[in-house]
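Novice: here is the input, now give the coordinates:
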Amino acid sequence: LVDAASLIFLITFGTVNFIAYQQKVKNRMICLIGAAGCLIAILLSSYQQLMDRPIPLIVILTLIVLTVIGRPYLLRNMKE
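Specialist: This next block holds a predicted model:
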């Protein structure tokens with residue numbers, strides 16, 4: 001559970017850093033370095049979780065895929 005929560009935190013923090021980089025905040029390079037660091041940590045953490053406990057990782061990935069696919073579908077149907 002702790003590993004999965006750490007992975008979710010890394011995804012959130014990396015996303016916030018990347019959005020800040022895109023919004024052209026004052027210290028863009030720090031945001032880019034933070035996003036890249038999170039990406040590396042996400043990859044390493046995912047690999048470690050896949051080797052040790054694959055079920056929580058599969059659940060997280062399934063939720064991410066459902067969000068990416070399901071959100072546009074729901075938004076499109078809500079407009080009708």
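
Novice: just give the nearest non-adjacent residue to the most centrally placed residue in the chain, would you?
Specialist: With distances taken as C-alpha atoms, centre = their mean, the residue of the chain nearest its centroid is residue 11 (2.9 Å). In space, residue 11 comes closest to residue 42 once its chain neighbours are excluded; the distance is 6.3 Å by C-beta to C-beta, 6 or more residues apart in numbering. For glycine as for every other residue, the C-beta is placed from the backbone atoms N, C-alpha and C.

Novice: what's the answer for residue 38, then?
Specialist: Looking at residue 38 with C-beta to C-beta, 6+ apart, the closest residue is residue 14, at 3.0 Å.

Novice: which residues of this structure fall in strands?
Specialist: Ranges of strands within the chain: none, based on DSSP state E.

Novice: point out where it drops to low pLDDT.
Specialist: Where the chain drops to pLDDT under 70, the residues are 1, 80.

Novice: rewinding a little: give me the number of residues near the residue nearest to residue 11?
Specialist: Other residues lying near residue 42 total 16 when counted by other C-beta atoms under 10 Å.

Novice: ranges for the helices of the chain?
Specialist: 2-22, 28-52, 54-78 (DSSP state H).

Novice: in the shortest one, what counts as buried?
Specialist: Translated: helix 2-22. Neighbour counts over helix 2-22 (16 or more other C-beta atoms under 10 Å) mark 3, 4, 7, 10, 11, 13, 14, 17, 18, 20, 21 as buried.

Novice: just stretch 34-48 next, same as before
Specialist: Quick answer for stretch 34-48 (16+ other C-beta under 10 Å): 34, 35, 38, 41, 42, 45, 46.

Novice: now the fifth one: how far from residue 10?
Specialist: The reference is to residue 42. 5 Å (C-beta to C-beta, to the nearest Å).

Novice: now swap in the third one and tell me
Specialist: For residue 38, the distance to residue 10 equals 5 Å [C-beta to C-beta].
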